[in-house]
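Visitor: okay, here's the prediction I keep looking at, along with the sequence it came from:
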Amino acid sequence: MEPASPAVSTRFDEADVPRPGAGRLARLGARRVFLYGALLVWAIVCLFPIYWTVTTSFKTAVNVTQGHLIPWLDYRPDWRGWRSLGLSPDTIDNVSTVREEFLSRFTNSAVASLSASLLAILIGSLAAYGLARFRYRFGFMRNEDISFFFLSQLILPPVVLALPFLVLYKELDLLDTRIGLILLYTLTVLPIVIWIMRDQFNAIPVELEEAALVDGLSIWGAFYQIVLPLALPGMVAALVLSMVLCWNEYFFAALLTSVEAKTLPVMVASQTGSQGINWWSMAALSTAAIAPLLIVGVALERYLIKGMTAGAVK
C-alpha cells in the first residue's frame, strides 16, 4: 500500500497576508479626511442660503439688521414673517387677504410648472426617441446637429424674446392667462428635456426593441412596453428639473401677467418697496416656495440619481 499523502492545508497565516505600509495608510487616511472635509464645507456653502432664508422668516427687523444667525442663542424666534402672510398660528384661522393672494399665486405656479413640465416630457420624449433611434437629414443638419440646435435655444437671452412674445400674446389674447404661461414654459424647458431623454434612450440597447419586434410588438408597442419603463428614471429627473426651472421663472411671469396669472416669484419680488425690503415677509414667502421643491426632490431622490447617472454608463 502507498502511504497516504499528507493533507494540504488551505489556511493562511495572518503573517503571510501582505499589508499596506504605515505610510500608505496615513496617506489614504489623510486623503479621505480631506475629501470628506471638502464635501462638508461645500454642503455648508450650498445649504447656508436655505438656512438663512428659513431663519430670517422668524426674525424681527432688529435681528435682521444685526445679522443674528442662531435661533434661541442670538435671538428669540418670532412669527412676524409668517404673520404678515396670515400663516402664523395666531392668524391662520382669521380672514386674510394676503393669505388668499399667496394661495392664488402658489396655485398659479403649481399649475403652470406641473402642466408645462408634463407637456414638455410628453413632446420631448417622443422627439428624443426619434433622434436616438432614427437617422434624419435636414439640409446639412444630421441628428447631432439637430440635438445641438435644440440645446442652443437656451443660449438666447430671454430679454430678446420679450417684445415678440408681448406682441404675440396680446394678439392671441393670452396675456395674464395660465395657458399662456404653460405654453411659454413648455418651450423654455423642452430643449433640456430632449437633451436628457436622448442620452437616456441611447443608453438602452437596441437589441431589446428588436427582440420585442420579433415577438410581434409594433414599434409603438415596443416603445411603451420596453423602452419607457427603462427610461422612467431619466423621465423623472427631467420632470423634476423642468419643474424647478418653471417654478423659479420670474422674467416672463412678471412681463406677461398682471393680476390673474401672477406667480409666486413675482409676489416674492414685490416685497421690495420704496421704504425698503421686508426681509421677514420675503423670507417667509421664499421658504414657502422652496418647501414643495424640497419635498419633491426628497421623494424622488432615487429616480433622480438613476436618471442622472444612467446615460454615463454604457
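Guide: Noted; the coordinates are in hand.
Visitor: and the pLDDT at Ala291?
Guide: In this model, Ala291 is scored at 88, pLDDT.
Visitor: measure it to Asp199 for me?
Guide: Noted for Ala291: a distance of 31 Å to Asp199, by CB to CB, to the nearest Å. Just so you know, the C-beta spots here come from the backbone N, C-alpha and C atoms, and that holds for glycine as well.
Visitor: if you count surrounding residues, which of those two has more?
Guide: Neighbours per residue (other CB atoms under 10 Å) separate Ala291 from Asp199, with Asp199 holding more: 16 against 11.
Visitor: tell me which helix or strand comes right after the helix or strand that the more buried one is a member of.
Guide: Using DSSP states H and E, Asp199 sits within helix 178-202. Downstream of helix 178-202, the first helix or strand assigned by DSSP H and E is helix 206-214.
Visitor: show me what that next one is packed against.
Guide: Helix 206-214 sits against helix 219-222, with contacts defined as 3 or more CB pairs under 8 Å, 6 or more residues apart in numbering; DSSP states H and E.
Visitor: neighbouring contacts of the helix it packs on?
Guide: 209, 212-213 (CB atoms under 8 Å, 6 or more residues apart in numbering).
Visitor: now, of the residues you listed, which are buried?
Guide: Buried subset of those (neighbour count, 16 or more other CB atoms under 10 Å): 209, 212.
Visitor: now, which of the contacts of helix 219-222 sits nearest Ile226?
Guide: Nearest to Ile226 out of the contacts of helix 219-222 is Ala212 (CB to CB; 5.0 Å).
Visitor: shouldn't the closest one be in contact with Gln225?
Guide: Yes: contact criterion CB atoms under 8 Å: Ala212 and Gln225 qualify, at 7.0 Å.
Visitor: count of neighbours near the closest residue to Pro77 other than its chain neighbours?
Guide: Using CB to CB, 6 or more residues apart in numbering and skipping the chain neighbours, the partner closest in space to Pro77 is Phe58 (3.9 Å). Residue neighbour count, defined by other CB under 10 Å, stands at 20 for Phe58.
Visitor: with Val189 instead?
Guide: 26.
Visitor: measure it to Ile179 for me?
Guide: 16 Å.
Visitor: and what of Ala112?
Guide: 9 Å.
Visitor: more neighbours, the two?
Guide: Ala112 (26 against 13).
Visitor: I'd guessed the more buried one sits against Pro265; true?
Guide: No: assessed by CB under 8 Å, Ala112 is found out of contact with Pro265, at 11.0 Å.
Visitor: re the thing from before, can the contacts of helix 219-222 go into CSV with extra columns for distance to Phe140 and pLDDT?
Guide: Formatted as CSV, the contacts of helix 219-222 follow (distance: CB to CB, whole Å; pLDDT from 0 to 100):
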residue, distance to Phe140, pLDDT
Glu209, 29, 85
Ala212, 34, 86
Leu213, 32, 86
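Visitor: now do the same for the residue nearest to Pro77: its pLDDT.
Guide: The predicted local confidence for Phe58 is 90.
Visitor: tell me the contacts of Ile44?
Guide: Going by CB under 8 Å, 6+ apart, Ile44 touches no other residue.
Visitor: give me the distance between it and Met243.
Guide: For Ile44, the distance to Met243 (CB to CB) stands at 26 Å.
Visitor: could you do Tyr224 as well?
Guide: Using CB to CB, we find Tyr224 at a distance of 24 Å from Met243.
Visitor: higher neighbour count, these two?
Guide: Met243 (24 against 12).
Visitor: the host helix or strand of that one packs against which elements?
Guide: Assigning secondary structure by DSSP H and E places Met243 in helix 228-248. Applying 3+ CB pairs under 8 Å, 6+ apart, we find helix 228-248 packed against helix 97-133, helix 178-202, helix 264-269, helix 279-299, helix 301-310.
Visitor: run the chain-centre distance for the very next helix or strand once past it.
Guide: Scanning forward in sequence from helix 228-248 by DSSP H and E, the next helix or strand is helix 251-256. Centroid displacement of helix 251-256 relative to its chain, using CA atoms, centre = their mean, to the nearest Å, is 21 Å.
Visitor: packing partners for helix 251-256?
Guide: On a contact count with 3+ CB pairs under 8 Å, 6+ apart, helix 251-256 meets helix 162-171, helix 178-202, helix 264-269.
Visitor: got the contact list for it?
Guide: The contact list for helix 251-256, computed with CB under 8 Å, 6+ apart, reads 158-159, 162, 165-166, 169, 174-176, 180-181, 184, 188, 261-263, 265-266, 269.
Visitor: average pLDDT for that helix?
Guide: Averaged over helix 251-256, pLDDT sits at 92.
Visitor: use 738 as the first number from now on
Guide: Done: numbering now begins at 738, and the last item shifts to helix 988-993.
Visitor: for that helix, which positions count as buried?
Guide: Within helix 988-993, the residues scored as buried using 16+ other CB under 10 Å are 989-990, 992-993.
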